[in-house]
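**Student:** 3D, please:
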Amino acid sequence: MNYTEKLRELDLHIVAFDVPFPADYGGVIDVFYKAKSLNDLGLRIALHVFDYGRGRQAGLEKIAAEVHYYPRKNNLLKQLSSLPFIVNSRSSELLLRRLKADQAPILFEGLHSTYYLNHPDLANRNKIVRTHNVEHDYYSALSEAHKGWRKFYFKWEAKRLLQYEKVLDAASYILAISQSDQKYFEKYKAKVHLLFPFHPFQVEEHQFSQEDFALYHGNLAVAENQKAAEFLLTVFADLDYKLVISGKNPRADLKQKIKQFHQVQLIENPNEAELKQLIQTTKVNCLPTFQATGVKLKLIRALIEGNNLLVNSTILEGTNLNHFCEIANTKEEWQQKLVEVFLNGKSQNEIIQRQNAAASIFDNQKSAMLLKELCVPAQ
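**Tutor:** Next up, the predicted model:
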């Protein structure tokens, strides 16, 4: 039986920008747990993934009826095109043939994967785009955070993404990841729905514990997260409280800066159990960000699994989650709020109530039911 015959019984195609397993960073976490939740509802999924280093993953076969891999085309000619590189490098004639083989709806994960969104052979299909960001804003912010050739590349890519974005008029639905993104994308012809990120986090029964340290966690190889960590170093420079900075692959310059603070501890590349222990036991999860894009999974995790939570306004943009968090923006406001939290944080009952309320908002099953209705309309 060839792939054309096999695909006729599918309920949904998902075109993913990366191999979403292991589910270990923001974008692929959303893709993996979305596919898993839809599979749990009984949908037969063909998962199409672009591979540029992660390789074939047996774990995907548990959440999809079929998994197909395509190489991402990272060559110079793709860079020179007027199309955004993140889109132009994710094309495959074999993918198009497989999408054309039946009439199942197609879910494009991120603007990255939309190379065939407006293809004439798919003109009459139910096409859904999951937007992970307003991409040209995201790349503009990346440009501001980098120097040299990377700054130029991100700025150029942002310009191409802004021009390309009108391809969304070819979609049937747009699934925005935040309320602000939902409002932004309503200018296009497609119907726009709010669909919060899918995730693995859940309220767990464990011995309630608060230890006297603050925590910042994130991928420390990312410029945005390094900037947040460095901001917290200035905040804690005048405080006696302990700060733990934990995350992947911190750069040498960040490690050198941390060594200058006796009350700051760096935990490099924690495993999942170690990170969960830190999030569940810290007195306060500190989550500043200087890039208002999407909904941060680290925020969702801290809301559902953590104790007290101190953030800045930027991380909450487009979320309507202000009432769950303590908010500070300037260095002085952060210092004042930290003193208040360490002296008089929320009670165990208050924290458990917040965890349950957040878990209800970011409910994978509810989100999957909405998506299923868009993919498989009731008869």
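
**Student:** what sits against Asn364?
**Tutor:** By CB atoms under 8 Å, 6 or more residues apart in numbering, the contact list for Asn364 reads 33-34, 37, 198-199. Where C-beta positions appear, they are placed from N, C-alpha and C, glycine not excepted.

**Student:** same question, Val244
**Tutor:** Listed by CB under 8 Å, 6+ apart, the contact partners of Val244 are 213-216, 264-267, 278, 282.

**Student:** and if we set it to 10 Å?
**Tutor:** Applying CB atoms under 10 Å, 6 or more residues apart in numbering, we find Val244 in contact with 211, 213-217, 264-267, 270, 278, 282, 286.

**Student:** Please flag which of the residues you listed sit within helices.
**Tutor:** Judged by DSSP state H, helices contain the following of the contacts of Val244: Leu278.

**Student:** Now the buried members of the contacts of Val244.
**Tutor:** 213-217, 264, 266, 270, 278, 282, 286 (16 or more other CB atoms under 10 Å).

**Student:** which one of those residues sits closest to Leu321?
**Tutor:** For the buried ones among the contacts of Val244, the minimum distance to Leu321 (CB to CB) is 15.9 Å, reached by Cys286.

**Student:** hey, what's the closest one bridged with?
**Tutor:** Leu310 (DSSP bridges).

**Student:** Tell me how far it lies from Pro20.
**Tutor:** Noted for Cys286: a distance of 29 Å to Pro20, by CB to CB, to the nearest Å.

**Student:** Adding pLDDT as columns, could you present the buried ones among the contacts of Val244 in JSON lines?
**Tutor:** Converted to JSON lines, those look like this (pLDDT from 0 to 100):
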{"residue": "Phe213", "pLDDT": "97"}
{"residue": "Ala214", "pLDDT": "98"}
{"residue": "Leu215", "pLDDT": "98"}
{"residue": "Tyr216", "pLDDT": "98"}
{"residue": "His217", "pLDDT": "96"}
{"residue": "Val264", "pLDDT": "97"}
{"residue": "Leu266", "pLDDT": "98"}
{"residue": "Pro270", "pLDDT": "95"}
{"residue": "Leu278", "pLDDT": "96"}
{"residue": "Thr282", "pLDDT": "96"}
{"residue": "Cys286", "pLDDT": "98"}
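
**Student:** Low-confidence ranges, the stretch 151-300 of the chain, go.
**Tutor:** 206-207 (pLDDT under 70).

**Student:** now the helices for it?
**Tutor:** 179-185, 223-236, 252-258, 272-281, 297-305 (DSSP state H, counting those that start in this stretch).

**Student:** Show me which residues of the fourth one are buried.
**Tutor:** Yep, that's helix 272-281 we're talking about. Neighbour counts using 16+ other CB under 10 Å place 275-276, 278-281 of helix 272-281 among the buried residues.

**Student:** where do the strands sit along this structure?
**Tutor:** Using DSSP state E, the strands found in the chain span residues 12-16, 45-51, 66-71, 106-109, 127-130, 173-176, 191-194, 211-217, 242-247, 264-268, 282-287, 308-311, 326-327.

**Student:** Out of those, which is closest to His146?
**Tutor:** strand 242-247 (18.7 Å).

**Student:** Next, the angle helix 272-281 makes with that closest one.
**Tutor:** Here the directions of strand 242-247 and helix 272-281 differ by 150 degrees (axes from the mean of the first three to the mean of the last three CA atoms, to 10 degrees).

**Student:** Each with direction, which strands does strand 242-247 pair with?
**Tutor:** Going by DSSP bridges, the partners of strand 242-247 are strand 211-217 (parallel), strand 264-268 (parallel).

**Student:** quick revisit: okay, the contacts of Val244 in CSV with distance to Ile106 next?
**Tutor:** Below are these laid out as CSV (distance: CB to CB, whole Å):
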residue, distance to Ile106
Glu211, 48
Phe213, 47
Ala214, 44
Leu215, 40
Tyr216, 39
His217, 35
Val264, 47
Gln265, 47
Leu266, 44
Ile267, 41
Pro270, 37
Leu278, 40
Thr282, 42
Cys286, 40
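
**Student:** Of all pairs in the contacts of Val244, which one spans the longest distance?
**Tutor:** Checking these with CB to CB, the most distant pair is Glu211 and Leu266, at 17.1 Å.

**Student:** By neighbour count, which of the contacts of Asn364 wins?
**Tutor:** Lys34 (27 neighbours; other CB atoms under 10 Å).

**Student:** nearest residue to it other than its sequence neighbours?
**Tutor:** Nearest residue to Lys34, sequence neighbours excluded (CB to CB, 6 or more residues apart in numbering): Phe198, at 4.3 Å.

**Student:** Could you single out the nearest of the contacts of Asn364 to Glu305?
**Tutor:** For the contacts of Asn364, the minimum distance to Glu305 (CB to CB) is 10.4 Å, reached by His199.

**Student:** That closest one contacts Arg301, doesn't it?
**Tutor:** Yes. Look at His199 against Arg301 with CB atoms under 10 Å: they come within range, at 7.2 Å.

**Student:** Identify the contacts common to the two.
**Tutor:** Common neighbours of His199 and Arg301 (CB under 10 Å, 6+ apart) are 29, 362.

**Student:** Of the contacts of Val244, which is the nearest to Ala141?
**Tutor:** The closest of the contacts of Val244, once distances to Ala141 are taken by CB to CB, is Tyr216, at 19.1 Å.
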